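any chance you can model this:
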Amino acid sequence: MWMVPSNTLTSSHIKRGIARDLRPAAMAFSVIRHPAAVLQVILVIATCDERNANHINFYNVVPPADVTPFPKSFKCFTCEHASDNYSCNRWAEDKWCPQNTQFCMTVHHFTSYGKTRSVTKRCARREDCYAVGCQHHRDAGHTECVSCCEGMACNVEVPTNHSNAVFSMRHAPSSSAPSHRAQRLLSLFSVVSVALVLV
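As a prediction, this is how the structure comes out:
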């Protein structure tokens, strides 16, 4: 770059120098002037994966692409007397449920303070699922809650009380009802629209 003596600076030199020196500041100012850009950045950050990197997300389990052993095949998280729910899900055997089963069952034993004693998860028949609910075993000093659900690996959580120790069955999806993802996107769009109107 050529050096120009300070006494010979022209207005064009000054303008170019000032413009060059202020380029980062001008860019920052343009971002501030465009709240939509700021909102988009915030929106991207807010919708990023929020899970802890040390844990596995057991939700959003998708059916495998390989051939299923029979029509309407499914898998459940399965374990026998695991120390806690995370361990059960983490080390669950990946196998298809038998054809004579339709549901996933979870049996959760825990203390009166809510500390898990054991978790058992398995594939179940409809008759097995009539035992859903919670029972307090005074002699053993623990509570047993049983839940059943229908669907691919639906038994992610453990039941802890009468409100979630239930027998839940899938209903045929309604074509008129919006999906969960569509509802979430609609609500995010609404928030951004309101924010833009307010700014």
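
now Phe110: how far from Lys121?
Separation of Phe110 from Lys121 (Cβ to Cβ, to the nearest Å) stands at 15 Å. (Glycine included, C-beta is placed from N, CA and C.)

more crowded one of those two?
Comparing Phe110 with Lys121 by other Cβ atoms under 10 Å, the one with more neighbours is Lys121, at 25 against 20.

quick one: that one from His142, how far?
Going from Lys121 to His142 by Cβ to Cβ gives 18 Å.

please apply the same query to Thr116.
Distance, Thr116 to His142, by Cβ to Cβ: 10 Å.

now the common contact residues for those two.
Common neighbours of Thr116 and His142 are listed as His109, Phe110 (criterion: Cβ atoms under 8 Å, 6 or more residues apart in numbering).

what's the first-to-last distance across stretch 69-81?
Start-to-end span of stretch 69-81 (Cα to Cα, to the nearest Å) is 27 Å.

Ala92 touches Asn85, doesn't it?
No. Ala92 is beyond contact range of Asn85, at 10.7 Å (criterion: Cβ atoms under 8 Å).

low-confidence ranges in the protein?
1-66, 171-199 (pLDDT under 70).

noted, bye for now.
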